[in-house]
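Peer 1: I'll drop the sequence and a predicted model, then ask my questions.
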Amino acid sequence: MRRTAGEIAKAVGAHVVGDERAEINGVASIASAQSGDLVFVEDEKHFDSALRSKAAAVIAGSFAAQAQSRKPLIVSAHPRLAFAQAAKLLSESHERKPEIHSSAVVLPSAVVAETAVIDPWTFVGEKATVGERTWIGAGCVVGSGVVIGEDCKIYPRVIVYPGTRIGDRAIVHAGAVLGADGFGYVRNRPSADRTGEGARPHPAIAYEKFPQIGTLVIEEDVEIGANTTIDRGALETTRIGRGTKIDNLVHIGHNCQIGENVIIAAQAGFSGSIVIEDNVVIGGQVGVGEHARIQEGVLLGGQAGVLPKKVLRGKGVAFWGTPAKPLREYLQSLAALARLGRKD
Amino acid sequence: MRRTAGEIAKAVGAHVVGDERAEINGVASIASAQSGDLVFVEDEKHFDSALRSKAAAVIAGSFAAQAQSRKPLIVSAHPRLAFAQAAKLLSESHERKPEIHSSAVVLPSAVVAETAVIDPWTFVGEKATVGERTWIGAGCVVGSGVVIGEDCKIYPRVIVYPGTRIGDRAIVHAGAVLGADGFGYVRNRPSADRTGEGARPHPAIAYEKFPQIGTLVIEEDVEIGANTTIDRGALETTRIGRGTKIDNLVHIGHNCQIGENVIIAAQAGFSGSIVIEDNVVIGGQVGVGEHARIQEGVLLGGQAGVLPKKVLRGKGVAFWGTPAKPLREYLQSLAALARLGRKD
Amino acid sequence: MRRTAGEIAKAVGAHVVGDERAEINGVASIASAQSGDLVFVEDEKHFDSALRSKAAAVIAGSFAAQAQSRKPLIVSAHPRLAFAQAAKLLSESHERKPEIHSSAVVLPSAVVAETAVIDPWTFVGEKATVGERTWIGAGCVVGSGVVIGEDCKIYPRVIVYPGTRIGDRAIVHAGAVLGADGFGYVRNRPSADRTGEGARPHPAIAYEKFPQIGTLVIEEDVEIGANTTIDRGALETTRIGRGTKIDNLVHIGHNCQIGENVIIAAQAGFSGSIVIEDNVVIGGQVGVGEHARIQEGVLLGGQAGVLPKKVLRGKGVAFWGTPAKPLREYLQSLAALARLGRKD
């Protein structure tokens, strides 16, 4: 949607230096900007190139409040944030017309909102519901009883197992699998227990599947990356708190409780029954053992490992390594080890 | 399927204290149990809440043999196992009627059993066979010559490359890719070898694909997690032994030989030509280098790394860290390192 | 395609000892070879079994130049490479007839070459182009504006987000997701910035999505493994250089620049804005932090971790561990640590 510099400034809490009526229809980097684009600079270093670019307007930090420029400037104390908010505003134009593609299969008991878009070869199961303005891409499977909220974007080939609930404004990228069975088994016992005919210590099939019949609840404003997998609870509920952002190829096991506004980078993995409190930041390839708890505001560095049942605490405290230790302690160990290696 | 407490007790090798005719139609946790549900307790701690729940009956450990209860008790030496077995029994009711959906494409030379279910947009290739009572979810691709056994559950969007064989009672979760090409290349040589016209040390394309034309065999009673990938052999066969359970996002490379009743947690990865013997347990995010061998009954802790060609041995011995060491040795190193860090 | 021993020898720069007219129609391992198959041996150790196999001909190293054999021998200084090249030559027979399956949806503005094959339930979006002889498997989604080159093999269920470009002869395995949004957010500020009504330090939704509107360019001769994910740039371009080979379940974040002829083993992960120069080899489960640079020809051992902004250099130098160190240094640390553990 086309907006003026003035409209954008107002929406993002900034003010315009220059022509408020300048028209903007997209965002870009300084290098790739075309006429009509909006760019941003956080510091004076790139300000000149921004002014020389083809962009229609520039979001800039407070340093630019007094600057001389033929381009309109949108001056904000937080230019990166203002840029992100402007981009969101401008992308609102790209909504598609409501449609259920003729090749989709929507069971009669399912309820799809009139403003929703369902792309080809998508299945919507028994009693599932799809909210207003939600888009479901090609080849998705929405299992029976699934609830998908309003204004969601479900990219192609997302599989949602029966009973899963997805809140408003969720974004789920291609290939994600939501609500699959958790990984839980019970070791078989010698048949003596059953028949009294003598123990057979190695039964042919050692593991019996523990029931995986709980659910998965994904709250509002969650984003989930491509090919990520989040399992349903075994008997209870796996929960992803609102505002939480999850990258690609992440695994979240059954019964996990992930808080609000948590950041989880790519390929991180969570065993069963883990609690991650609000505002935690998890680096790429981090692994967390079952029943561990990461308390509010903890930061876990990339590839860190947390042992089962371990509790990590400390708002803003960074943990690194396996087993994860506070950064200072981790660095001391590293330094000691390096000296030791050289000495020998 | 609805069962009586007596029928369940008989099937799982337990005995009933109370009304054997009580009807049960599902399993649940104590907190979520509704009338008709079966719950379980392993120790006395949760026994009271189980009795106070809405459940129709309680599976309990031997401690409950003399207990006073208005609810029927199913007393077992292994309540968790009995619960798992009861759940399996009760879920047998949920079988669907045989059907090949009209949008599926089944090539004329394929053989699909009369009792199988093929969901929408699934492709069954040339000379592929699908066994009795097997369900293949929406959007699967079953390549030419694939053999899928009886009573399998193949969830949506599973891709089975040509020639793969899947044994009876296998469960494959959504998005898994079975039998893709392994990762094998041969470095190109200077063209001198071919033409004698002088060496060109950096040919434009450095790697030639080594043929990946072997097969993948998955034996009976295997479960495979969502978005897991298992590659076919290069020239020979990749094999997953019967009863083995594999979690989500696991990677198994070409020519691997995985034994029977092996447990592989999420995001573990196996390079080519690895041997994992029976009853091994592999933690999450473990990485195993090519041609390594993990002998029978070894336990590998989460994030452990095994170097190429390494052999790990010892039934019941736990290995941790990278490179993986016996747990005791690993803990000694950790402790020494911690002391050293503090000293400096 | 059937070829004679002489034709193959000529194509791979080798010479025949024996009957040049022997007909060959496939490759195999020594153990599985049938009549008509070609096998190879790199050293004398397996030469006898190759001669005793059912194979029609044997590619062998220079040691076999004077050998006595009833089977024709194709003698090459690089038998493994010659075998790979022969396999490629022989597989050229398996091309399918051009076809767009009737269930596929190809938008009118898309351009699909006449010799391309489009399988069932595949979507080709607005203004997308598909090159000559390219095969697109069942259930793929080719977004609007996507360009796919000539002679590509796109396996089933690959999702290509809008605007992505894929070069000639690319192979993309099932379930890969190419060009999804990168993982970038901006922390929200207290609303004070916007309204002046006083700070609210914990806004309900902490993260605003940073625009992910760049592109992804994959050059010629790249192979991409099953369920791998490669994100588009945020504002610019993510690039995969020609000849690069990527295994299964790899993650490559936004803005990464991957060079030519790079090898990336399974489950490796790359944060945003990383530069990997030409001829780098990356082991399985390696993790690289944002803005790091791996210079030409570096080898990174399995599970190694590279910190953000770090630069690794040295053609042919192997790095191991987290944080990654040159192999010699890493081994010294390990040895020192082991001694220390034992001492205590």
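Peer 2: The structure has been received and is ready for your questions. Small disclaimer: the values here were computed from a predicted structure and weren't measured. Residues are numbered from 1 along each chain as shown, chains lettered A, B, ... in the order given.
Peer 1: what number of residues lie near the residue in the stretch 1-150 of chain A that chain B sits nearest to?
Peer 2: Evaluated by C-beta to the nearest C-beta, the stretch 1-150 of chain A has residue A:141 as its residue closest to chain B, separated by 4.4 Å. All C-beta atoms are positioned from the backbone trio N, CA, C, and that covers glycine. Here the count is done by other C-beta atoms under 10 Å in any protein chain shown, and residue A:141 has 29 residues near it.
Peer 1: Not counting sequence-adjacent ones, nearest residue to it?
Peer 2: Distances taken as C-beta to C-beta, 6 or more residues apart in numbering or on different chains place residue B:156 nearest to residue A:141, at 4.4 Å, with adjacent residues excluded.
Peer 1: rewinding a little: how close does the residue of the stretch 1-150 of chain A closest to chain B get to chain C?
Peer 2: With the distance defined as C-beta to the nearest C-beta, to the nearest Å, residue A:141 ends up 12 Å from chain C.
Peer 1: Do I have it right that that residue meets residue B:137?
Peer 2: Yes - the pair residue A:141 and residue B:137 passes the contact test of C-beta atoms under 8 Å, sitting 7.1 Å apart.
Peer 1: Give me the common contacts of those two.
Peer 2: With contacts defined as C-beta atoms under 8 Å, 6 or more residues apart in numbering or on different chains, the residues shared by residue A:141 and residue B:137 are B:156-157, B:174.
Peer 1: helices and strands of chain A: which one has the lowest mean pLDDT?
Peer 2: Ranked by mean pLDDT, DSSP states H and E, the helix or strand of chain A with the weakest confidence is helix A:192-195, at a mean of 44.
Peer 1: which SS class is residue A:80?
Peer 2: Secondary structure of residue A:80, reduced to three states by DSSP: H, G, I helix; E, B strand; the rest coil: helix.
Peer 1: State the number of residues packed around it.
Peer 2: A count of nearby residues for residue A:80, using other C-beta under 10 Å, gives 17.
Peer 1: And the helices in chain A, which stretches?
Peer 2: Chain-ordered helices for chain A, with DSSP state H as the definition, fall at A:5-12, A:47-52, A:79-91, A:192-195, A:327-343.
Peer 1: Of those, which shows the lowest average pLDDT?
Peer 2: With a mean of 44, helix A:192-195 has the lowest mean pLDDT of these.
Peer 1: The closest residue to residue A:261 other than its chain neighbours: neighbouring residues, count only.
Peer 2: Leaving aside its sequence neighbours, residue A:261 sits nearest to residue C:206 (C-beta to C-beta, 6+ apart; 3.7 Å). For residue C:206, the neighbour count with other C-beta under 10 Å is 21.
Peer 1: Roughly how far does residue C:206 sit from residue A:168?
Peer 2: Spatial separation of residue C:206 from residue A:168 under the definition C-beta to C-beta, to the nearest Å is 17 Å.
Peer 1: what's the answer for residue A:210, then?
Peer 2: Distance of residue A:210 to residue A:168, computed by C-beta to C-beta: 33 Å.
Peer 1: Comparing those two, which residue is more hemmed in?
Peer 2: With other C-beta under 10 Å as the criterion, residue A:210 and residue A:168 differ in neighbour count, and residue A:210 comes out ahead with 22 against 18.
Peer 1: Can you name the residue of chain A nearest chain C?
Peer 2: For chain A, the residue positioned closest to chain C under C-beta to the nearest C-beta is residue A:13, at a distance of 3.0 Å.
Peer 1: quick one, phi/psi of that residue?
Peer 2: phi 70, psi 40 (degrees, to the nearest 10).
Peer 1: domain assignment for chain A?
Peer 2: Structural domains of chain A, as assigned by automatic domain parsing, span the residue ranges A:3-94, A:100-328.
Peer 1: Show me which residues of stretch A:43-53 are buried.
Peer 2: A:46-47, A:50-51, A:53 (16 or more other C-beta atoms under 10 Å in any protein chain shown).
Peer 1: Using CSV, please lay out those residues together with distance to chain B.
Peer 2: Converted to CSV, these look like this (distance: C-beta to the nearest C-beta, whole Å):
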residue, distance to chain B
A:46, 36
A:47, 42
A:50, 39
A:51, 42
A:53, 35
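Peer 1: What residues does the stretch 1-150 of chain A have near chain C?
Peer 2: For the stretch 1-150 of chain A, the residues in contact with chain C (C-beta under 8 Å from any C-beta of the partner chain) are A:12-13, A:26-29, A:31-32, A:76-78, A:80-81, A:83-85, A:87-88, A:91, A:103, A:119-121, A:137-139.
Peer 1: Give me the neighbour count for the nearest residue to residue A:301 once chain neighbours are set aside.
Peer 2: Ranked by C-beta to C-beta, 6+ apart and with sequence neighbours excluded, the top spatial neighbour of residue A:301 is residue A:320, at 3.9 Å. If you count neighbours by other C-beta under 10 Å, residue A:320 ends up with 26.
Peer 1: what do you get for the one 5 residues further on?
Peer 2: Residues lying near residue A:325 (other C-beta under 10 Å) number 20.
Peer 1: repeat for residue A:131
Peer 2: Residue A:131 has 21 neighbours, counted by other C-beta under 10 Å.
Peer 1: Contacts only, for it.
Peer 2: Here residue A:131 is in contact with A:113, A:116, A:148-152, A:168 (criterion: C-beta under 8 Å, 6+ apart).
Peer 1: mind running it again at 6 Å?
Peer 2: By C-beta atoms under 6 Å, 6 or more residues apart in numbering or on different chains, the residues touching residue A:131 are A:113, A:149-150.
Peer 1: Now rank these by neighbours and give me the top one.
Peer 2: Within the contacts of residue A:131, neighbour counts (other C-beta under 10 Å) peak at residue A:149, which reaches 22 neighbours.
Peer 1: Would you check that it makes contact with residue A:169?
Peer 2: No - contact between residue A:149 and residue A:169 fails when scored by C-beta atoms under 6 Å: they sit 7.2 Å apart.
Peer 1: could you measure residue A:141 against residue A:159, distance?
Peer 2: Using C-beta to C-beta, one obtains 5 Å as the distance from residue A:141 to residue A:159.
Peer 1: Give the residues shared as contacts by those two.
Peer 2: Both residue A:141 and residue A:159 are in contact with residue B:156, where contact means C-beta under 6 Å, 6+ apart.
Peer 1: what about stretch A:223-234, near chain C?
Peer 2: Yes - contact between stretch A:223-234 and chain C is present through A:226-227 (criterion: C-beta under 6 Å from any C-beta of the partner chain).
Peer 1: Give me the residue ranges of the stretch 1-150 of chain A where confidence is low.
Peer 2: Along the stretch 1-150 of chain A, segments meeting pLDDT under 70 span A:93-94.
Peer 1: count of neighbours near residue A:115?
Peer 2: Using other C-beta under 10 Å, residue A:115 has 14 neighbouring residues.
Peer 1: Contacts only, for it.
Peer 2: So, once contact is read as C-beta under 6 Å, 6+ apart, residue A:115 ends up touching A:98, A:132-133.
Peer 1: How about the residues of chain A by chain B?
Peer 2: By the criterion of C-beta under 6 Å from any C-beta, the positions of chain A lying close to chain B are A:105, A:121, A:123, A:139, A:141, A:157, A:159, A:177, A:180, A:183, A:185-186, A:189, A:193-194, A:205-208, A:210-211, A:227, A:229, A:235-236, A:251, A:269, A:271, A:287, A:289, A:305, A:322, A:332-333, A:336.
Peer 1: Separate out the buried members of those residues.
Peer 2: Burial by neighbour count, 16+ other C-beta under 10 Å: within these this picks out A:105, A:121, A:123, A:139, A:141, A:157, A:159, A:177, A:180, A:183, A:185-186, A:189, A:193-194, A:206-208, A:210-211, A:227, A:229, A:235-236, A:251, A:269, A:271, A:287, A:289, A:305, A:322, A:332-333, A:336.
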